[in-house]
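Student: pasting the structure only:
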């Protein structure tokens, strides 16, 4: 829990509500208000406005946290998109695993009876092109 620092000047009840909403213990808030902790508890029990101020501050903090997390998600998505776009194999494979792309493709392949597996000795259409020194390259150039 956050701990409050005792100052010479007492804080306002509005600041006390903010501290309580942030998780500062009542006895620490009481020290900052320069009152007994029983006074803070009594004020909590008798003042609807004080309780409402605490609830509003808690709600504001939840919204701020959610906005911060959304911003982080957006930053991560942008970074991943950039890395995948640059051809970063590690990022691409990680993302494929996280999105279950391989499992989904395998499931789609199992469901589609018209697809036939490619034999292991036949290169894929999108395989690495032949090098300039290979026989395949020379044959294709002729």
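Tutor: It's in. Keep in mind it's a predicted model, so treat the numbers as computed, not measured.
Student: same for the longest helix along the chain, what does it pack against?
Tutor: Taking DSSP state H as the assignment, the helix of the chain that covers the most residues is helix 48-85. Packing contacts for helix 48-85, counted by 3 or more C-beta pairs under 8 Å, 6 or more residues apart in numbering; DSSP states H and E, involve helix 13-21, helix 37-46, helix 89-98. Placement of C-beta: from N, CA and C, glycine included.
Student: out of those helices, deepest packed?
Tutor: Of the helices and strands packed on helix 48-85, the one with the most neighbours on average (mean count of other C-beta atoms under 10 Å) is helix 13-21, at a mean of 19.
Student: list the helices and strands that helix packs on?
Tutor: helix 26-33, helix 37-46, helix 48-85.
Student: Throw those into JSON lines and include mean pLDDT and distance to residue 103, thanks.
Tutor: As requested, these are exported to JSON lines (pLDDT from 0 to 100; distance: least, C-beta to C-beta, whole Å):
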{"stretch": "helix 26-33", "mean pLDDT": "95", "distance to residue 103": "51"}
{"stretch": "helix 37-46", "mean pLDDT": "95", "distance to residue 103": "52"}
{"stretch": "helix 48-85", "mean pLDDT": "94", "distance to residue 103": "19"}
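Student: Cool, thanks, talk later.
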